[in-house]
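Asker: Okay, here's the prediction I keep looking at, along with the sequence it came from:
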Amino acid sequence: MSRRRHSDENDGAQPHKRRRTSEPIEIEDRLESLICRVGEKSTSSLESNLEGLAGVLEADLPNYKNKILRILCAVARLLPEKLTVYTTLVGLLNARNYNFGGEFVEAMIRQLKETLKSNLYSEAVYLVRFLSDLVNCHVIAAPSMVAMFENFVSVTQEEDIPQVRSDWYVYAVLSCLPWVGKELYEKKDVEMDRLLNQIDGYLKRRQKIHVPMLQVWSAEKPHPQEEYLDCLWAQVQKLKKDRWQERHILRPYIAFDSVLCEALQHNLPPFTPPAHSDDAVYPMPHVVFRMFDYTDAPEGPVMPGSHSVERFVIEENLHCIIKSHWRERKTCAAQLLSYPGKNKIPLNYHIVEVIFGELFQLPSPPHIEVMYTSLLIELCKLQPGSLPQVLAQATEMMYMRLDTMNTTCVDRFVSWFAHHLSNFQFRWSWDDWADCLTVDNEKPKPKFVKEVLEKCMRLSYHQRIVDIVPPSFSALIPAEPMFQYKYEDESNTSLPGFATAVTVTNAIKNRASNEEILAVLKEIPNPNQDDDDDEGDGFNPLKIDVFLQTLLHLAAKSFSHSFSALAKFHEVLKTLTESDEGKLHILKVVYEAWTKHPQMIAVLVDKMIRTQIVDCAAVANWIFSSDMAHDFTRLYMWEILHSTIRKMNKHVQKIQKELEEAKDKLEKQQHKKQKDSGDEEDMEKNSDDEDGQLEEQIERLQEKVESAQSEQKNLFLVIFQRFIMLLTEHLVRCETGSVDINTSWYKNCIERLQQIFLMHHVTIQQYMGTLENLLFTAELDHHILAVYQQFCALQL
């Protein structure tokens, strides 16, 4: 605690000169604990706890007002699932101390401005919602809240702004209405009608090209996959039709109505949304994930319909709980299961749907993927009698809908399911999925099962997978991960390079140096050159074959052995891969040798990029080469490609950071020099030398950044160019043969293209101009161009 306290506040004093007494600190910690824990399980009622806490805080206001203000502003932003509890508390304090209420409203507006300035838009939504609920607690006057909403909606009239900006302001207003719509309509019905008409007009004219790229399922049945603003608008429309009656939000302030209605209200200061700036990062649009409806939860309470506002409120609160507690899976699971009003809803179904909704969110989940696995495992432990059945039902549903599921989401489904099975002894009713055995292995269902078993093998071992799966599934069980050494079999003595392979094996066993190995390899003739060609130093595929096959064979025992071997003979490998063909061939040899062990291929390629034996563009070219066509749709290939892109991006970011730091250092030195300009000449000379060195360093780093960015741009150009070539060939082939283009391969390929755009959208945005001029031109087939246009629409 003490560590946080020092950073939290000093009250302007110098702590090392005079120790503060511990009593005020203890009181501050007690206040923080009391405020943060109100609304949790207690023997007393929530109302009596709130009244007691309001009394305690009121008594402490004279001495600890700033601390209390800070804590209340923080919980408004960070604990949105307890929104109405805290608005009631503020209402009670305002009724007892009008000035404190005014100061709190001002502090909240300041905080709102800061969060918007810092691009913390999800937190800003919670703050706006908190302010709107204060209308219900008679802290804020309804007309001033309506005026603030009008200013928010006026953003839709701004020109030359991205659509995501006006989307956020409209969403902020709509998402408050379940809480405050009734109160505002009673006081300001004409203004509210005008506001909703403006929103309706905006929603009708906004672009929605981006939606297909963000949908988990392409099919609209059994549940439509709606864009988030359209869905919320339908929910608000229904709420209005129901006269703003909603039955799910906990409203503790109703119990204190007689006290609160006597309180004086505050007017919000005029709030103008900050102007758009180029460095603003607005939240991306998303599609509302729907997996269940009332027919899926036959027993117990009925699930609210997808357009009922209760569905929005429940999901919003569950998302908030996950956001607040995701780092502590046990706390998070317990909080989800003790959700208020859980007896009125099929809570397990809502929790499972919300968790999968986050896991499958495109372009990326809000938190790391493994968190969702560990959270679901924790929930199964806490509710062993009911939650595993709901989870099994959800898994079955997703399996049945694999045909229309987005490929990126299928990848996440594979990873989650394999990890989940590994925590429950790999038990599953595989026979229920026997339908996948009667169709082509490239179809989504058999492909999914095969990928799951391969991931399970990574988390176990081959024989275990053979034992857990019925014999009828043998065609989908991954091969035993064995090294394939082509120079091992005595019957292959006629193979070119066989004799040299034996020599290299003995040399490596006898701890030969890099130079000695190179001398042995020099004897290998180049199959690409004529006998009378003297230049034997060019690309020689046979040298790479012999050396790498032999080296990896000797190091095949483990990842560590293989890494050590690559490190020891790094010089040989660098010499063999000086040309682009050499880099491509070395990857081809790794694949041939470890074709039955995809994980080994992935880690070796990763290591080779790190040690600069191959470069990122070579890996991209290899993945798209005809040699890899057989494995093109397999998950491990795309894990390798995304890992390669991430490495390239990190490399660029690292150099950019070094450049920024060097520039900052130079600026500080020059600033200091101007301040100390009255000092002696020799000091000036020293600082000039330092400046000169820094300027040289900055120049070098500038060149490195430009070179790295050029390499990065080239990598994306290579990837997109190869995608375009493959897809164009497929489309032309189908057109000439009058065949339907929508094959499993085509769906996979086009969605992998979408995946590259979505997963690396921040980096790709920098090169949009180049991509549009060179690759995604108007002449391109509309099927491929549509993906680029959807991506562009996401940024608008």
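Answerer: Now that the structure is in, tell me what you want to look at. Every value quoted in this text rests on a predicted model; they were computed, and no experiment measured them.
Asker: Can you show me the helices along the stretch 101-250 of the chain?
Answerer: Applying DSSP state H, counting those that start in this stretch to the stretch 101-250 of the chain gives helices spanning 121-136, 142-153, 163-174, 177-187, 189-205, 211-214, 228-241.
Asker: which one of these lies closest to K657?
Answerer: Among the helices of the stretch 101-250 of the chain, the nearest to K657 by C-beta to C-beta is helix 121-136 (25.2 Å). Every residue, glycine included, has its C-beta placed from N, CA and C.
Asker: hang on, the earlier thing: just send the helices of the stretch 101-250 of the chain back as a markdown table, with mean pLDDT and mean neighbour count too.
Answerer: Converted to a markdown table, the helices of the stretch 101-250 of the chain look like this (pLDDT from 0 to 100; neighbours: other C-beta atoms under 10 Å):
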| stretch | mean pLDDT | mean neighbour count |
| --- | --- | --- |
| helix 121-136 | 95 | 23 |
| helix 142-153 | 95 | 20 |
| helix 163-174 | 95 | 21 |
| helix 177-187 | 94 | 20 |
| helix 189-205 | 95 | 14 |
| helix 211-214 | 92 | 19 |
| helix 228-241 | 96 | 18 |
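Asker: and these as JSON lines, adding distance to I784?
Answerer: Shown next, in JSON lines, are the helices of the stretch 101-250 of the chain (distance: least, C-beta to C-beta, whole Å):
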{"stretch": "helix 121-136", "distance to I784": "32"}
{"stretch": "helix 142-153", "distance to I784": "38"}
{"stretch": "helix 163-174", "distance to I784": "24"}
{"stretch": "helix 177-187", "distance to I784": "41"}
{"stretch": "helix 189-205", "distance to I784": "28"}
{"stretch": "helix 211-214", "distance to I784": "13"}
{"stretch": "helix 228-241", "distance to I784": "27"}
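Asker: out of these, nearest to V546?
Answerer: Of all these, helix 211-214 sits nearest to V546, with 46.7 Å by C-beta to C-beta.
Asker: helices and strands around the closest one, which ones?
Answerer: Helix 211-214 is packed against helix 744-759, helix 782-795, with contacts defined by 3 or more C-beta pairs under 8 Å, 6 or more residues apart in numbering; DSSP states H and E.
Asker: What segments of this protein are strands?
Answerer: Assignment of strands within the chain using DSSP state E yields no ranges at all.
Asker: Quick one: find the helix or strand in it with the lowest mean pLDDT.
Answerer: Lowest by mean pLDDT, DSSP states H and E among the helices and strands of the chain is helix 2-8, with a mean of 39.
Asker: buried stuff in stretch 613-620?
Answerer: I613, V614, D615, C616, A617, A618, V619, A620 (16 or more other C-beta atoms under 10 Å).
Asker: Narrow those residues to those in helices?
Answerer: C616, A617, A618, V619, A620 (DSSP state H).
Asker: dump the residue contacts of A708.
Answerer: Going by C-beta atoms under 8 Å, 6 or more residues apart in numbering, A708 touches H651, V652, I655.
Asker: that older thread, what's the closest of the helices and strands packed on helix 211-214 to S415?
Answerer: Nearest of these (C-beta to C-beta): helix 744-759, 14.2 Å.
Asker: can you count the residues close to L268?
Answerer: Using other C-beta atoms under 10 Å, L268 is surrounded by 20 other residues.
Asker: give me phi/psi at it?
Answerer: Per-residue torsions, L268: phi -70, psi 140 (degrees, to the nearest 10).
Asker: didn't it look like it was pressed against V105?
Answerer: Yes - using C-beta atoms under 8 Å as the test, L268 is close enough to V105 to be in contact (6.7 Å).
Asker: Give me the common contacts of these two.
Answerer: Common neighbours of L268 and V105 (criterion: C-beta under 8 Å, 6+ apart): L131, I140.
Asker: number of nearby residues for L250?
Answerer: 18.
Asker: cool, the one 3 residues further on as well?
Answerer: Other residues near Y253 number 25, with proximity taken as other C-beta under 10 Å.
Asker: Same question for F723.
Answerer: When counting by other C-beta under 10 Å, one arrives at 19 neighbours for F723.
Asker: what sits against it?
Answerer: Contacts for F723 (C-beta under 8 Å, 6+ apart) come out as F624, C749, R752, L753, I756, I784.
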